[in-house]
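[1] 3D model of this:
(chains A and B)
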Amino acid sequence: MTEAWSETWTWLTHSPLFFVLLTLAGYRLGRELNERTGGHALAQPVLVAIVVVGAAISLLDVDYDDYRAGTELIAFWLGPATVALAVPLHRQAERLRGFVVPMLVAVTVGAVVSVTTVVLLVRALGGDELLARTMASKATTTPVSIALTETLDGLPPLAAVVTILAGILGAVAGPAALTLLRVSDRRARGLALGAVSHGIGTSRALVEDPTEGAFAGLSMGLTALATSLLAPLLVASLL
Amino acid sequence: MISGLTWLLACQLVGEVLVRLTDAPVPGPVVGMVLLFVLLQVRRSGDDATVVRAADGLLRHLQLLFVPAGVGVVVYLGTLRDQALPIAVALLLSWLVGLAAVAGVTVALERLVGRGR
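    Modelled structure (predicted):
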């Protein structure tokens, strides 16, 4: 009997079925909380799900690598979802007219500012060089941040975590911060949110307003491109 | 739904292949996004197109797709605690300055361009 238990347990803690279910349940709970609280900024489904799933796998003593492998099925769709961001943009295409130059300049400035400030701040606050290299790409979308951190000799898995935290920050506080900064132009708000909080910020922007969402998605793509080109040069000159 | 998803996957695949062939420093899905955007514009697709419906369905749950990578935070709780100050403060300030910079430059240039017309 105990052997059957331990075998079942081993199966369970390596089973995509269990991990995908756990992830969906955590996400469902997050959606539920979001609805119940009338869309409270802190009740972001991604944040709730990470806390719930993180606590569950820690309690169950599951290896993160096993969990990650088991949820490949979910993470896989991040690529197609990025492609899907063309749709909100397509709907807003006429709003791109006369906006291309301001957009390209703003996103490039944003990429330089993001990389430079985070590297300098980490060093000034007593973080080591490895941490600075790891956090340099935190504004780009997660898959890019991971790949870029490899090029920059940082720690890619920690970069993924920091990048997602930057995204959650945008989903939680982005719209409020932009309002405090008195930015009311929908295109500017979207661009700013996508530039510093990538896909997670974009998901919040899509909820806020269709124009904001479309420009956040576009900004996310352009920021990934600009940062990939500029970060290696910036990091080399700063460290 | 399946036909829409097929379009999304096909665009991503072409993007990934192009990026690898040209060694471009852009993520494949972002090239796929540009490709789909051009296709949608050329075909003047409306909201009833299968790819549009699939995209809307996927984007509604965009946050779900970040959960597997985000749970990786459990592995780094120690590091996050040891370097809490540089991580938290650098992240927050750099994020805020970046946000303000992009919004500020956009609004300023929009005014400039608007005045020129």
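[2] where do the strands sit along chain B?
    Here chain B has no strands by DSSP state E.
[3] nearest residue to the middle of it?
    Nearest residue to the geometric centre of chain B (C-alpha atoms, centre = their mean): B:Val30, 7.2 Å.
[4] does that residue really touch A:Gly221, like I thought?
    Yes. Judged on C-beta atoms under 8 Å, B:Val30 makes contact with A:Gly221 at a distance of 4.3 Å. C-beta: built from backbone N, CA, C; applies to glycine.
[5] what's around the nearest residue to B:Leu5 once chain neighbours are set aside, how many residues?
    Excluding the flanking residues, the one nearest B:Leu5 by C-beta to C-beta, 6 or more residues apart in numbering or on different chains is B:Ala54, at 4.9 Å. Counted with other C-beta atoms under 10 Å in any protein chain shown, residues neighbouring B:Ala54 total 22.
[6] ok, B:Ala54 to A:Tyr64 distance?
    Distance of B:Ala54 to A:Tyr64, computed by C-beta to C-beta, to the nearest Å: 31 Å.
[7] ok, and for stretch B:16-31, which residues are buried?
    Neighbour-count burial for stretch B:16-31 flags B:16, B:19, B:24-31 (criterion: 16 or more other C-beta atoms under 10 Å in any protein chain shown).
[8] tell me how chain A divides into domains.
    A:1-76, A:80-239 (automatic domain parsing).
[9] on that earlier part again, who's in contact with the residue nearest to the centre of chain B?
    Contact partners of B:Val30, counting by C-beta atoms under 8 Å, 6 or more residues apart in numbering or on different chains, are A:82, A:141, A:144, A:221, A:224-225, B:15.
[10] include pLDDT when you put the residues you listed into a markdown table, please.
    Below are these laid out as a markdown table (pLDDT from 0 to 100):
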| residue | pLDDT |
| --- | --- |
| A:Thr82 | 90 |
| A:Thr141 | 90 |
| A:Val144 | 86 |
| A:Gly221 | 88 |
| A:Ala224 | 90 |
| A:Leu225 | 87 |
| B:Gly15 | 95 |
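[11] can you pick the most crowded of those residues?
    Among the contacts of B:Val30, the one with the most neighbours (other C-beta under 10 Å) is A:Thr82, at 35 neighbours.
[12] not counting residues beside it along the chain, what's closest to that one?
    B:Pro29 (3.7 Å).
[13] so where do the helices sit in chain A?
    With DSSP state H, the ranges of helices along chain A come out as A:2-12, A:16-36, A:45-59, A:64-70, A:72-75, A:78-84, A:86-91, A:100-124, A:129-135, A:142-151, A:156-180, A:186-208, A:210-238.
[14] just name the most buried of those helices.
    Mean neighbours per residue, mean count of other C-beta atoms under 10 Å in any protein chain shown, is largest over the helices of chain A for helix A:186-208, with a mean of 30.
[15] so that one, near chain B or not?
    Yes. Using C-beta under 8 Å from any C-beta of the partner chain as the criterion, contacts between helix A:186-208 and chain B involve A:187-189, A:191-193, A:195-197, A:199-200, A:202-203, A:206.
[16] again, but for stretch A:223-235
    Yes. Stretch A:223-235 lies within reach of chain B by C-beta under 8 Å from any C-beta, at A:224-225, A:228-229.
[17] which one of the residues you listed sits closest to A:Val122?
    A:Ser228 (20.0 Å; C-beta to C-beta).
[18] ok, that closest one to A:Ser137 distance?
    A:Ser228 is 8 Å from A:Ser137, by C-beta to C-beta.
[19] who touches both of these two?
    With C-beta under 8 Å, 6+ apart as the test, A:Ser228 and A:Ser137 both reach A:144, A:148.
[20] could you find the closest non-adjacent residue to A:Ala226?
    Nearest one to A:Ala226, counting by C-beta to C-beta, 6+ apart, is A:Ala111 at 3.9 Å.
[21] got the angle for the least confident helix or strand in chain A by mean pLDDT vs helix A:100-124?
    Of all helical and strand segments in chain A, the minimum by mean pLDDT, DSSP states H and E falls on helix A:142-151, at a mean of 88. Relative orientation of helix A:142-151 versus helix A:100-124 (axes from the mean of the first three to the mean of the last three C-alpha atoms, to 10 degrees): 50 degrees.
[22] pLDDT weak spots in the chain?
    This is for chain A. A:1 (pLDDT under 70).
[23] that's the wrong chain, I wanted chain B
    Low-confidence segments of chain B (pLDDT under 70): B:115-117.
[24] where do the helices sit along it?
    B:2-22, B:28-43, B:50-60, B:67-70, B:77-82, B:84-116.
[25] of those helices, which is nearest A:Ile50?
    So among the helices of chain B, helix B:67-70 is nearest, using C-beta to C-beta, at 4.2 Å.
[26] right, I'll call it a day here.
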